[in-house]
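> sequence plus the predicted model coming up.
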Amino acid sequence: MVEPLVLLPGMLCDSRVFAPQIQALSPEMTLVVAPVTEGDRIEEIASNILDTLPRKFALAGLSMGGIVAMEIMRRAPERVTRIALMDTNSLAETPQSAADYEPLITKLRAGLLDQAVAAIMRPEYLAPGPDRTAVLYQVGKMAENIGCAAITRQARALQRRRDYQATLRKCHVPALVLCGVHDGLTPVKRHEFMAGLIPHAELALIQDAGHLPTLEAPEAVTAALRVWMKQPLVLQRRVVAE
């Protein structure tokens, strides 16, 4: 029996960021979407999520959700049967990049949600084309649902996050590292680096997507997740161009 698949959304996003995958995969497996909003540190968010999950589960995180996934792997590796890291970053913030969150937090505290969302999810982070506007609109609607207070906590958590390189080196479960080739926020080279840290990880590059491939190229992402969920053993690392 296939283990439950836990999906962790990115910053600003709720379960709708995985809507195409939920629709396609729910007949085949149990899916759980866990919010990444409960806590102002990555460690706290991960701890809160772990308290609600089955004893064993597959784990897939997008963007900030990928960072939380790495923290879950760090603290409870015996519970994670496989891991997928999508358009994310294993490195800690630099002092400068951590400071760059402060103007964003100021906007959020002032209730300027639209301005904050525009600063966090810029058009150039997504693939060019007619679907970019629609995806940005969806992000705005999800951010409205989450609200300024929760997004402020997300910003603080990202600002303070740790480095997960050591965690990835210790990963010995089936691992998928996936990235949209047009991702202007966490580019392909960062994912090549992460895949190189994980023994036998598979690197999947999604051609017609940027930072939110689950919405930009949903069929390609679903196909990659389906193959990863069926993978019984980790044999070798290869690059898959979708």
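That came through, no problem.

> all contacts plus neighbour counts: C-alpha atoms, from now on.
Noted.

> can you read off the pLDDT for E242?
For E242, the model assigns a pLDDT of 48.

> same deal with H200?
88.

> please apply the same query to M1.
59.

> tell me the mean pLDDT for stretch 168-186?
97.

> I'd say T167 and I72 touch.
No - in this structure T167 lies outside contact range of I72 using CA atoms under 8 Å: 9.9 Å.

> what about these two, which has more around it?
Between T167 and I72, counted using other CA atoms under 10 Å, the more crowded position is I72 (22 against 18).

> quick check: chain neighbours aside, which residue is closest to the more buried one?
A46 (5.6 Å; CA to CA, 6 or more residues apart in numbering).

> and whichever strand or helix holds the one you found, how far out from the chain middle?
Using DSSP states H and E, A46 sits within helix 42-50. Chain-centre distance of helix 42-50: 15 Å, with CA atoms, centre = their mean, to the nearest Å.

> what's the answer for stretch 133-153, then?
15 Å.

> again, but for stretch 81-95
With CA atoms, centre = their mean, you get 8 Å for stretch 81-95.

> in that stretch, what's buried?
T81, R82, I83, A84, L85, M86, D87, T88, N89, S90, A92, E93 (16 or more other CA atoms under 10 Å).

> cool, stretch 154-171 as well?
Buried, per 16+ other CA under 10 Å, within stretch 154-171: 154-162, 164-165, 167-168, 171.

> just these now: which is nearest R226?
C171 (20.1 Å; CA to CA).

> distance check, that closest one against G184.
Distance, C171 to G184, using CA to CA, to the nearest Å: 27 Å.

> mind listing the strands for the protein?
Under the criterion DSSP state E, the chain contains strands at 5-8, 31-33, 57-62, 80-86, 175-180, 202-206, 239-241.

> run through who's touching the first one.
In this case it means strand 5-8. 18, 29-36, 57-62, 65-66, 68-69 (CA atoms under 8 Å, 6 or more residues apart in numbering).

> now do the same contact list for the closest residue to M64 other than its chain neighbours.
Closest residue to M64 apart from its sequence neighbours, by CA to CA, 6+ apart: G10 at 4.5 Å. G10 makes contact with V36, G61, L62, S63, M64, G65, G66 under the criterion CA under 8 Å, 6+ apart.

> let's see 7 Å
G10 is in contact with L62, S63, M64, G65, counting by CA atoms under 7 Å, 6 or more residues apart in numbering.

> per-residue confidence at the residue nearest in space to the middle of the chain?
Centroid-nearest residue in the chain: L62, 1.4 Å away (criterion: CA atoms, centre = their mean). Looking at L62, its pLDDT stands at 98.

> ok, what's across the strand from it?
As for beta bridges, L62 partners with M86 under DSSP bridges.

> right, and it touches P9 too?
Yes - L62 is within contact range of P9, at 5.4 Å (criterion: CA atoms under 7 Å).

> which helix or strand in the protein has the lowest average pLDDT?
strand 239-241 (a mean of 47; mean pLDDT, DSSP states H and E).

> which parts of the lengthiest helix in the chain are buried?
Longest helix in the chain, counting residues (DSSP state H): helix 132-146. Of the residues in helix 132-146, R132, V135, L136, V139, G140, M142, A143, E144, I146 count as buried by neighbour count, 16+ other CA under 10 Å.

> what's the neighbour count on Q23?
10.

> also the one 3 residues further on?
S26 is surrounded by 12 other residues when neighbours are defined as other CA under 10 Å.

> phi, psi for S63 please.
Main-chain torsions, S63, degrees, to the nearest 10: phi 60, psi -120.

> thanks again, I'm all set now.
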